[in-house]
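1. no FASTA, just this:
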């Protein structure tokens, strides 16, 4: 076939859509505007809906891009000119860029929702954990005080260099029990010859302070509890490294 009889060249441009409307007809921005005053259940349902719609959007964008790319390549092949193929590749690249941008914005919306929920519930969670811990500890001290005192005493005795002129300070309610525990401990500690038990109302129940000529050991329930509570109190602080790490991982 001669060049003069060939069909006229046809020129055109295919535009790929990269709209950010989610399933249900609402954009991410419109969905975000509905969030004020939601209950906890509605907040949870909202987050689930955002994630689901973001996934649906991603799947649809990929399908549309693949379909448009196939159409463009077939058209270029049928028309038999390289310009059409180059145009198809350019449009495909634009579609991929639009898809990446849409997915990035969808994921950013999900991460922002997670941060807002965590910030709103962080302080309440810390208070709940603190109250639960204190309640459990009080119950344990009430039913297993002898175990606490025995363990704290043995730990303190091991840490002291010498057991001469030993004085053991305890809560007034723990004095009779501590005297009995010291008698039971004597066979395991040959250097434990004599001691004096004194009371200190400032100490919490289950706590002891040992003093000897070689030093002093504080072994208190309050001290250990405060160490744990400091960790829990950290949950109620402003955004921390944990949230920064969440952003980096996202």
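-> Nice, I can see it. In this text, all values refer to a predicted model and were calculated from it rather than measured experimentally. Residues are numbered from 1 along each chain as shown.
2. quick one, strands of this protein?
-> 166-170, 195-199, 208-212, 215-219 (DSSP state E).
3. For the second one, list every residue counted as buried.
-> Residues of strand 195-199 classed as buried under the neighbour-count rule (16 or more other CB atoms under 10 Å) are 195, 197. To be clear about C-beta, it is placed using only N, CA and C from the backbone, and glycine gets the same treatment.
4. okay, now the domains of the protein?
-> If you go by automatic domain parsing, the domain ranges for the chain are 12-121+241-249, 132-231.
5. Which one of the strands of the chain lies nearest to residue 44?
-> Ranking the strands of the chain by their distance to residue 44 (criterion: CB to CB) puts strand 215-219 first, at 44.2 Å.
6. For residue 208, give me its contacts.
-> 149, 152-153, 156, 168-170, 174, 178, 219-220 (CB atoms under 8 Å, 6 or more residues apart in numbering).
7. which residues in this protein form helices?
-> With helices called from DSSP state H, the chain shows them at 28-33, 40-79, 82-159, 175-185, 221-233, 241-249.
8. Number of residues surrounding residue 221?
-> 22 (other CB atoms under 10 Å).
9. Which positions within stretch 160-167 qualify as buried?
-> For stretch 160-167, by 16+ other CB under 10 Å, it's 160, 163, 166.
10. To residue 73, which of the strands of the chain lies closest?
-> Each of the strands of the chain was scored for nearness to residue 73 using CB to CB, and the closest is strand 215-219 (77.3 Å).
11. quick one on the thing from earlier: nearest to residue 75, of the strands of the chain?
-> Short answer: strand 215-219, nearest of those by CB to CB, at 82.5 Å.
12. how far off strand 166-170 does the closest one point, in degrees?
-> Computed with axes from the mean of the first three to the mean of the last three CA atoms, to 10 degrees, the direction of strand 215-219 lies at 20 degrees from that of strand 166-170.
13. residues making contact with strand 215-219?
-> With CB under 8 Å, 6+ apart, strand 215-219 has contacts from 152-153, 155-156, 159-161, 207-210.
14. Go ahead and confirm residue 160 touches residue 212.
-> Yes: assessed by CB atoms under 8 Å, residue 160 is found in contact with residue 212 at 5.4 Å.
15. Quickly list what's touching both of those two.
-> Common neighbours of residue 160 and residue 212 (CB under 8 Å, 6+ apart) are residue 166.
16. before we move on, the earlier item: which stretch among the strands of the chain comes nearest residue 57?
-> Nearest to residue 57, of the strands of the chain and by CB to CB, is strand 215-219 at 59.2 Å.
17. What residues of that closest one count as buried?
-> Neighbour-count burial for strand 215-219 [16+ other CB under 10 Å]: 217, 219.
18. Relative to that strand, what are the paired strands and their orientations?
-> As defined by DSSP bridges, the strand partners of strand 215-219 come to strand 208-212 (antiparallel).
19. mean confidence score for the partner strand?
-> With pLDDT averaged residue by residue, strand 208-212 scores 87.
20. Okay, buried residues for stretch 149-162 please.
-> 149-150, 152-153, 156-157, 160.
21. Pull the residues that contact it.
-> Residues outside stretch 149-162 that contact it (CB under 8 Å, 6+ apart) are 163, 166, 168, 170, 174, 177-178, 181-182, 184-185, 189, 191-192, 206-208, 210, 212-215, 217, 219-220.
22. What subset of those is buried?
-> Neighbour counting with 16+ other CB under 10 Å marks 163, 166, 168, 170, 174, 177-178, 181-182, 192, 206-208, 210, 212, 217, 219-220 as buried within those.
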